[in-house]
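[1] Give me the fold of what follows.
(3 chains)
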Amino acid sequence: MNNTSSKIDKIFTSFMDNHLFKNKFVLQLSYTPETIPHRDEQIEQIASILAPVLKGERTSNLFIYGKTGTGKTLSMQFIRNELLKRGGKDDLVIEYVNCKLKKVSDTEYRILAELIKKLGGSVPATGLPTDQVYNKFIELIDNKKKLIILIFDEIDHAVNKLSDNFLYNLTRLNGELVNSQISIVGISNNITFLDNLDPRVKSSLSEEELVFPPYNALQLRDILTERAKKAFNESVLDDGVIAKCAAFAAREHGDARRALDLLRIAGELAERNNLKKVSLGDIDLANEKIEREKILDIVRTEPKQFQLVLLAIIKLIDEQKLEEIFTGDVYNAYQELCEQTKNEVLTQRRIGDVLSEFDMMGLINSSVISKGRQGRMRKIKLAIPNQLKLKVREILFDSLSL
DNA sequence: CGAGATTCATGTGAAGTATACCTTTAGGCTTAA
DNA sequence: AAGCCTAAAGGTATACTTCACATGAATCTCGTA
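    Here you go, the predicted model:
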């Protein structure tokens, strides 16, 4: 008893003694730094586009693109704070909605409801016809002179789900407002998003457009250096640690979020192992860990049929000790597996699609080859590293209750 | 021997179907005036 | 009467099926040298 508690004591004290992190929060997503390196140009542009609100004029609608982790959201939040600071009074309203958060705001109704709530009104969670919600919304914002900027983050998600009617209504709203005026800022990481939009919406939504390019390794390094200064204690990072994080993330389309995750997880790993410093090796470990979690997560959340197909592939490759297998083999193995587990068997057509989705997700590598008289098929290789295969199998067995 | 036709096993696209999940609507019930 | 709830009705996205046609190189066919 005493022994255990002293052990635990040891763990805790050594944990407390180990001061790798000064403030881990700085590396978290929700942290908003005071400065945003290498986004000066974009921020200036946004600022000059939105500046008219300070003089009480309506601004152009703005549309922002850029891949994940290029600082779109961050810059926009930054500008929002600055504008609110200067604009002061309640005649300037800037609301931010993330359209991707499921269950909160991914339908027209919910987005409106959320906006109304933020503006101080209230609507029942369900039941009202949409046009009434519109009316309520209009009433709420139009009761006195206001300038309103609505920021829709991850707007592409919403539009896929609820037709572009919503945007059309919003862009047209200005005509119905007597006192107030609305500007819309859309943020999307899908560059092709605008193309399959109603042309009317397209033109009015993208009065101004702005692209956030991916960070390159050097810029990522600056960002990391800055954050690391606040997040870690002095000289706990080995030389080159930051550069390596940056390089890894730059390879993944310059995703700053990824870079920060890498650094944080490397730090956590080092801390857990009671190391005094974060070394280059820890970055590799962190990278593996992220990669691993990603794969396991995909596997875990995949629907049953997908899991069956994946298991069929893994079994085939293991049992036959082959590197590559072909569509037909997979389908047969899959069929057997279905019978064994009493699941219904999908058509070959569908399995073909499942396989190409696996390819997209990076679970397998496949290419279509023709073997002449032996027909045409996908040549399939498993892209899951060997050490992970067991774990993946475990998850599959578990979730298919085998 | 070689050009062109054939063939295989599946890729790929379009269109249709079943299903689950939403939103809308209408009717009925409750509540407060 | 107004407000609220609920069940049915109507809509829509998703997951799948069916049908139809496309592919591309090994193989076959057959005319020709």
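
[2] and the residue nearest to A:I155 when sequence neighbours are not counted, which of the three is it?
    Nearest non-adjacent residue to A:I155, counting by CB to CB, 6 or more residues apart in numbering: A:G186, 4.3 Å away. From N, CA and C alone the C-beta is placed, and that goes for glycine too. Per DSSP: H, G, I helix; E, B strand; the rest coil, the local secondary structure of A:G186 is strand.

[3] Pairing partners for A:K379 in the sheet, please.
    A:F326, A:S367 (DSSP bridges).

[4] Count the residues that sit near it.
    15 (other CB atoms under 10 Å).

[5] measure it to A:T347 for me?
    21 Å (CB to CB, to the nearest Å).

[6] rewinding a little: my guess is the residue nearest to A:I155 contacts A:L205. True?
    Yes - under the criterion of CB atoms under 8 Å, A:G186 makes contact with A:L205 at 5.9 Å.

[7] Around DNA strand C, which positions in the stretch 201-350 of chain A sit nearby?
    Contact residues (CB under 7 Å from any atom of the strand) of the stretch 201-350 of chain A with DNA strand C: A:P303, A:Q305, A:E344, A:V345, A:L346, A:T347, A:R349, A:R350.

[8] go again using 10 Å as the cut-off
    Contact residues, the stretch 201-350 of chain A versus DNA strand C (CB under 10 Å from any atom of the strand): A:303-306, A:308-309, A:343-350.

[9] A:L74: how many residues sit nearby?
    Residues near A:L74, counting by other CB under 10 Å: 20.

[10] wait, what's in contact with it?
    When contacts are counted by CB atoms under 8 Å, 6 or more residues apart in numbering, A:L74 touches A:T32, A:P33, A:I36, A:R39.

[11] Does it fall in a helix, a strand, or a coil region?
    Note that with three-state DSSP, the state of A:L74 is helix.

[12] now the stretch 1-150 of chain A, which segments are flagged as low pLDDT?
    Along the stretch 1-150 of chain A, the parts satisfying pLDDT under 70 run over A:1-2, A:14-18, A:88-90, A:99-136, A:139-140.

[13] quick one: the helices in it?
    A:2-17, A:40-50, A:72-87, A:108-118, A:130-142 (DSSP state H, counting those that start in this stretch).

[14] Report the residue ranges of every domain in chain A.
    When chain A is parsed with automatic domain parsing, its domains come out as A:40-211, A:215-296, A:302-399.

[15] what about the strands in chain A?
    A:62-66, A:92-98, A:147-153, A:181-188, A:208-212, A:324-326, A:364-370, A:376-382 (DSSP state E).

[16] For DNA strand C, what's its nearest residue on the stretch 251-400 of chain A.
    Closest contact between the stretch 251-400 of chain A and DNA strand C, by CB to the nearest atom of the strand, is at A:G372 (1.4 Å).

[17] From A:T4, how far off is that residue?
    Look at A:G372 and A:T4: by CB to CB, they are 69 Å apart.

[18] in chain A, which residue is closest to the centre?
    A:T68 (6.4 Å; CA atoms, centre = their mean).

[19] hang on, it packs against A:G254?
    No - using CB under 8 Å, A:T68 is not in contact with A:G254; the gap is 9.6 Å.

[20] How many neighbouring residues does the closest residue to A:R257 other than its chain neighbours have?
    In space, and not counting its chain neighbours, A:R257 is closest to A:G69: 3.6 Å by CB to CB, 6+ apart. Using other CB under 10 Å, A:G69 is surrounded by 25 other residues.

[21] A:G69 reaches A:R258, doesn't it?
    Yes - using CB under 8 Å, A:G69 makes contact with A:R258 at a distance of 5.9 Å.

[22] what touches both of those two?
    Contacts common to A:G69 and A:R258, judged by CB under 8 Å, 6+ apart, are A:A249.

[23] For A:E208, list each beta-bridge partner.
    Bridge pairing for A:E208 - DSSP bridges - gives A:L62.

[24] Look up how far A:R39 lies from it.
    17 Å.

[25] Pick out whichever of those two has more residues nearby.
    A:R39 (23 against 18).

[26] Tell me how far that one lies from DNA strand B.
    35 Å (CB to the nearest atom of the strand, to the nearest Å).

[27] One more: A:P33?
    Distance of A:P33 to DNA strand B, computed by CB to the nearest atom of the strand: 36 Å.

[28] what does A:I155 give?
    Remark: distance between A:I155 and DNA strand B (CB to the nearest atom of the strand) = 18 Å.

[29] Look at that residue and say how many residues are nearby.
    With other CB under 10 Å as criterion, A:I155 counts 27.

[30] just A:G240 next, same as before
    A:G240 is flanked by 12 other residues according to other CB under 10 Å.

[31] how about it, what does it touch?
    Contacts of A:G240 (CB under 8 Å, 6+ apart): A:L280.

[32] So what does it look like in phi/psi?
    phi 80, psi -10 (degrees, to the nearest 10).

[33] Sort out which residues of stretch A:283-296 are buried, please.
    A:I283, A:L285, A:A286, A:N287, A:K289, A:I290, A:I295, A:L296 (16 or more other CB atoms under 10 Å).

[34] Closest to A:R58 out of these?
    A:I290 (43.6 Å; CB to CB).

[35] my guess is A:S399 contacts A:R300, does it?
    Yes - in this structure, A:S399 is within contact of A:R300 by CB under 8 Å, at 7.1 Å.

[36] Kindly list the longest helix within chain A.
    Looking across chain A with DSSP state H, the single longest helix is helix A:280-301.

[37] which residues are in contact with that one?
    By CB under 8 Å, 6+ apart, helix A:280-301 touches A:238, A:240-241, A:244-245, A:248, A:258, A:261-263, A:265-267, A:269-270, A:275, A:307, A:310, A:361, A:363, A:384, A:388, A:391-392, A:395-396, A:399.

[38] Brilliant, that's me finished.
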